[in-house]
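here is the input, now give the coordinates:
(one chain, ligands or ions: 1)
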Amino acid sequence: MRDQHLYWLPFLAQDVPAELTDPIQVARFELDLALPQLAPELQVYLAPDADADEGFSILRNDNGVTISGGPRGILYGAYKLLMALAAGESLPRSHSQQPKYALRMINCWDNADGDIERGYSGRSLFFESGRFDYDPIRLRQLGRLMASVGLNVLCINNVNVRNPAHRLIEDWLPELADVAAIFRPFGVKLMVSIDYSQPMRHGVTTADPLDPQVQAWWNRQCEVVYQAIPDLAGFLVKADSEHRPGPFTYGRNHAEGANMLARALKPHGGKLIWRCFVYNCQQDWRDAVTDRPMAAYQHYVYLDGQFDDNVILQVKNGPFDFQVREPVSPTLLAMPKTNLAIEWQLAQEYTGHQIDIYAMMGMWQEVMADLGSNTVMAMAAVSNLGNDDCITGHPFAAVNLFGYGLLAWNPDEADPESIARTWAKLTYRFGQADEDTLVNLLLESRGAYEKYTAPLGICWMVVPHEHYGPSPDGYEYQAWGTYHRANRDAIGIDRTASGTGYAEQYPAALRDRYSNLSTCPDELKLWFHRLRYDYVMPDGRTLIQRIYDDKFEGYAWVEEAEQKLSSLPLPEADRKLVMDRIARQKRNAREWRDVLNTFFYRLSGVEDARGRKIYD
Ligand code: GCV
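Predicted structure coming up:
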């Protein structure tokens, strides 16, 4: 199906001929397609450099422009040039780029039945009814979208490997190889999620990583897999997490578990991406000592230096689980002898289901600033893609895919404003005033969402499982370790040294910043501290008043946003989706405002100082 929606280059939704087999051919094709409209006089020469890989140079002289680099570098350079032309940027005479991260991954949580775990853009682009089922035109579109922002690895199945997805590397290799071939010309390598207990489906009686039969099974399996797909990027693994099998069953630690798989992949150049989302999901809510966000650090940091060199530990950006506001995960700061990948979630699981507008750039910027120099060497993001007519569901959710590509290429050049502006300019080509309106809405959207949902970093007030809409006590008496512990006087958990001690997992500067109430950012105050409702915030308001104000202001922002969007000259296909979604966002924000204000009013008995309507 041909996508009618606009993406950041006008031609990205169109098909690319299936005959193109390598990135240089794709680069030539894209240039020939776009230059007649963007710069009809410009001559662009491609100069492949056998020693180069993903970096590229763009040199301009009186005869035209020369892009040099390895095949993928040339493709990235071609997109860079076309975007600069489309955005009306002036071209420097000489320009070189090198990606900061070697692996720039998208993780799809697609199930073989076609459903997508936490997917908000329709069904899978790869699977339906327990088998491969895809439109090659759509996959080429995806390859092109990814390459245009430098993304180079695509993991196509859910980390929760559900039957029969384990067959991907067993019975479905020919189909997998066909899909790998579709993405290859765009410089995108496939990756697959595997099930740790996979050998046990094949007569091996255990999945113990130290058992020689298990190692032998994986060695053999990797030989077969790499014969079919020699450039497979590797395996992604969720082990001992939320009921998934893993090495703990056999009394082995995660270095022992990961290294076994890494050794099977090693002769083929494959990487083992091992997720660190490991915590006790069967906690008793009465247990106030166990503090879930401390878990990853406790499971992994003592193993620093014990992982093989082709293992990459993939750590979520925050220590909980992609909540609206989280501090950087301390695990990312504590493993100097280990390869680390940071995992973001483009899918808006807790951030509005791609119904509510939520541009993620501000979050990336904050986390990256706290990371400083460290051993993070790769980036991953949970996909926000699906087979909806608009591949990201909400047309504005494309800014997160676009921006993530730029971030993973080089975070130092990916500031929120420039991402939002470039994306808006390239996608819609509005006049200046409308462009400003859209850019401002995007930049404000995260703060607004945060205002009408769970307050000041408290997390988890969402409807259980679904994770859209308010349910303040929805997770309070459950086993997931997700408690706010609000009573009539106070709310939150003390995570400083006097409480659970979580803050002690940070290097001194961050520990002190978060532990000290006066330096802890307001938006994280309830993440780190238990506060009385009459606690006076730095701006003089009480905590309860700040909560009430935020709910009213967050909702008011959505009302205004609806007005502003209705006057934007959006193309018809996008307008319908955008206006439908903002109406739903308004209903959602109203529920959040009223449910949370009522919840806090009933607990505290404190009236709103401004006398606004709070339901009792
Ligand atoms: C793929 C959260 C989500 C799950 C997801 C899990 C993970 O718990 O709600 O759907 O499972 O994170 O990241 O593994």
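
need the contact list for residue 274.
By Cβ atoms under 8 Å, 6 or more residues apart in numbering, the residues touching residue 274 are 237, 239, 254, 257, 258, 307, 311, 312, 313, 314. (C-beta placed from N, C-alpha, C; glycine too.)

which of those sits closest to the ligand?
Looking at the contacts of residue 274 and their distance to the ligand, the nearest is residue 314, at 9.8 Å (Cβ to the nearest ligand atom).

that closest one bridge partners, please.
On the basis of DSSP bridges, residue 314 is bridged to residue 275, residue 341.

surely it touches residue 278?
No. Assessed by Cβ atoms under 8 Å, residue 314 is found out of contact with residue 278, at 11.4 Å.

higher neighbour count, the two?
residue 314 (24 against 21; other Cβ atoms under 10 Å).

low-confidence stretches in the stretch 401-550 of the chain?
The stretch 401-550 of the chain contains no residues with pLDDT under 70.

which residue ranges form the strands in it?
With strands called from DSSP state E, counting those that start in this stretch, the stretch 401-550 of the chain shows them at 490-491, 531-532.

now these in a markdown table, with distance to residue 396 and mean neighbour count?
Shown next, in a markdown table, are the strands of the stretch 401-550 of the chain (distance: least, Cβ to Cβ, whole Å; neighbours: other Cβ atoms under 10 Å):
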| stretch | distance to residue 396 | mean neighbour count |
| --- | --- | --- |
| strand 490-491 | 32 | 20 |
| strand 531-532 | 34 | 18 |
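
okay, buried residues for stretch 474-484 please.
Neighbour counts over stretch 474-484 (16 or more other Cβ atoms under 10 Å) mark 474, 475, 476, 480, 481, 482, 483, 484 as buried.

list, out of the residues you listed, those positioned next to the ligand.
Contacts with the ligand within the buried residues of stretch 474-484, as defined by Cβ under 6 Å from any ligand atom: none are present.

and those residues, which two are furthest apart?
Using Cβ to Cβ, the buried residues of stretch 474-484 span at most 14.0 Å, a distance reached by 474 and 481.

thinking residue 502 is in contact with residue 293, fair?
Yes. Residue 502 is within contact range of residue 293, at 5.8 Å (criterion: Cβ under 8 Å).

find the residues that touch each one of these two.
With Cβ under 8 Å, 6+ apart, residue 502 and residue 293 have common neighbours 319, 495.

make sure residue 235 is actually in contact with residue 261.
Yes. Judged on Cβ under 8 Å, residue 235 makes contact with residue 261 at a distance of 6.3 Å.

need the overlap of contacts for those two.
194, 272.

would you map the strands across the stretch 1-150 of the chain?
44-48, 56-61, 64-69, 94-97, 103-107, 127-128, 131-132.

any idea which of those is most buried?
strand 103-107 (a mean of 26; mean count of other Cβ atoms under 10 Å).

output the contacting helices and strands for the longest helix anywhere in the chain.
Using DSSP state H to define each element, the chain has its longest helix at helix 572-604. Using 3 or more Cβ pairs under 8 Å, 6 or more residues apart in numbering; DSSP states H and E, the elements in contact with helix 572-604 are helix 432-452, helix 543-566.

want to try JSON lines for these, with mean neighbour count and distance to the ligand as columns?
JSON lines is the format used below for the helices and strands packed on helix 572-604 (neighbours: other Cβ atoms under 10 Å; distance: least, Cβ to the nearest ligand atom, whole Å):
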{"stretch": "helix 432-452", "mean neighbour count": "19", "distance to the ligand": "18"}
{"stretch": "helix 543-566", "mean neighbour count": "19", "distance to the ligand": "23"}
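
could you dump these into CSV with distance to residue 70 added?
Output for the helices and strands packed on helix 572-604, formatted as CSV (distance: least, Cβ to Cβ, whole Å):
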stretch, distance to residue 70
helix 432-452, 34
helix 543-566, 42
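
read off the pLDDT value for residue 360.
Residue 360 is assigned 98 on the pLDDT scale.

list the contacts of it.
344, 346, 351, 400, 403, 404, 446 are the contacts of residue 360 under Cβ under 8 Å, 6+ apart.

just give me the closest of those to the ligand.
Taking the contacts of residue 360 together and measuring to the ligand by Cβ to the nearest ligand atom, the closest member is residue 344, at 11.4 Å.

now that closest one. Nearest residue, chain neighbours left out?
Nearest residue to residue 344 in three dimensions, chain neighbours excluded: residue 381, at 4.4 Å (Cβ to Cβ, 6 or more residues apart in numbering).

quick one: is the helix or strand containing the one you found near the ligand?
Per DSSP states H and E, residue 381 falls inside strand 376-382. No. Residues of strand 376-382 are not located near the ligand by Cβ under 6 Å from any ligand atom, the shortest gap being 7.3 Å.

so that it lines up with my notes, have the first residue be 727 from now on.
In the new numbering, first residue 727, that becomes strand 1102-1108.

list the buried ones in that strand?
Under the neighbour-count criterion of 16+ other Cβ under 10 Å, strand 1102-1108 has 1102, 1104, 1105, 1106, 1107, 1108 buried.

tell me which two in the residues you listed are the farthest apart.
For the buried residues of strand 1102-1108, the maximum inter-member distance is 17.0 Å, found between 1102 and 1108 (Cβ to Cβ).

okay, the strands of the stretch 1127-1276 of the chain in a markdown table with distance to residue 790 next?
Shown next, in a markdown table, are the strands of the stretch 1127-1276 of the chain (distance: least, Cβ to Cβ, whole Å):
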| stretch | distance to residue 790 |
| --- | --- |
| strand 1216-1217 | 63 |
| strand 1257-1258 | 63 |
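
figure out which of those strands is closest to residue 894.
Across the strands of the stretch 1127-1276 of the chain, closest to residue 894 is strand 1216-1217 (Cβ to Cβ), at 45.0 Å.

who in the stretch 727-876 of the chain is up against the ligand?
With Cβ under 6 Å from any ligand atom as the criterion, the stretch 727-876 of the chain meets the ligand at residues 835, 843, 844.

could you flag which of those residues are buried?
Among these, those scoring as buried are 835, 844 (criterion: 16+ other Cβ under 10 Å).

just put the residues of the stretch 727-876 of the chain next to the ligand in TSV and tack on pLDDT and distance to residue 918.
Shown next, in TSV, are these (pLDDT from 0 to 100; distance: Cβ to Cβ, whole Å):
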residue	pLDDT	distance to residue 918
835	98	13
843	98	16
844	98	19
